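K.L.:
Turn this into a structure:
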Amino acid sequence: VAEEELTDVLVLDIGGTHGVLEDLAALLKKHFHLITMKEFLGNKEEMSKKIQSVFVFECRPSIDHELLESLPNLKVIGNSGIGVDHLDLKMILSSGVKVTNTPHTMADPTADIGMALMLASARRLVEGNVLNFPG
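P.N.:
Numbering: from 1, shown residues only. A predicted model of the protein is given here:
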């Protein structure tokens, strides 16, 4: 797919402390043209008309009324992870924008942690560690 045919998606950043993980960004770039918030703010007039989606990763970027108004062609906000409690759904939906999320992404890691905690509890690993290695 040629880059000009890819849908423009706004993300906070790529990499760094709060940006989309670089491996995930590489996957997204196969299907979308990613625009960082810095690029958007640097050329808001041109970019605002192109962006059709916002990808929210770890609750960022924050979706507020000002951002929604600045993106006239916004169609969907994709949230990475479970739940959309951090999004003002009433405000977003009233502007005609759809919201999606990835409800099953955390199922396996949550099950893994649950099993690890049950095994640690059953085998008293934390107590054994404290008793054997006082610190």
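K.L.:
could you say which helix or strand contains residue 99?
P.N.:
Under the criterion DSSP states H and E, the helix or strand holding residue 99 is strand 98-101.
K.L.:
Could I get the buried residue list for that strand?
P.N.:
99, 101 (16 or more other Cβ atoms under 10 Å). In short, each C-beta sits where N, CA and C put it, glycine included.
K.L.:
residues contacting the closest residue to residue 25 other than its chain neighbours?
P.N.:
Nearest non-adjacent residue to residue 25, counting by Cβ to Cβ, 6 or more residues apart in numbering: residue 14, 4.5 Å away. If a contact means Cβ atoms under 8 Å, 6 or more residues apart in numbering, then residue 14 has 20, 22, 25, 34, 36 as its contacts.
K.L.:
Show me how far whichever helix in the chain runs longest is from its chain's centre.
P.N.:
The residue-count maximum for a helix in the chain (DSSP state H) belongs to helix 107-122. In terms of Cα atoms, centre = their mean, to the nearest Å, the centre of helix 107-122 is found 24 Å from the chain centre.
K.L.:
now that helix: mean pLDDT?
P.N.:
Taken as a whole, helix 107-122 has a mean pLDDT of 88.
K.L.:
The spatially most central residue of the chain and residue 86, how far apart?
P.N.:
Taking Cα atoms, centre = their mean, the centroid of the chain lies closest to residue 57, which sits 1.7 Å from it. Going from residue 57 to residue 86 by Cβ to Cβ, to the nearest Å gives 12 Å.
K.L.:
Help me confirm that residue 103 is found in a helix?
P.N.:
No. Under DSSP: H, G, I helix; E, B strand; the rest coil, residue 103 falls outside any helix and is assigned coil.
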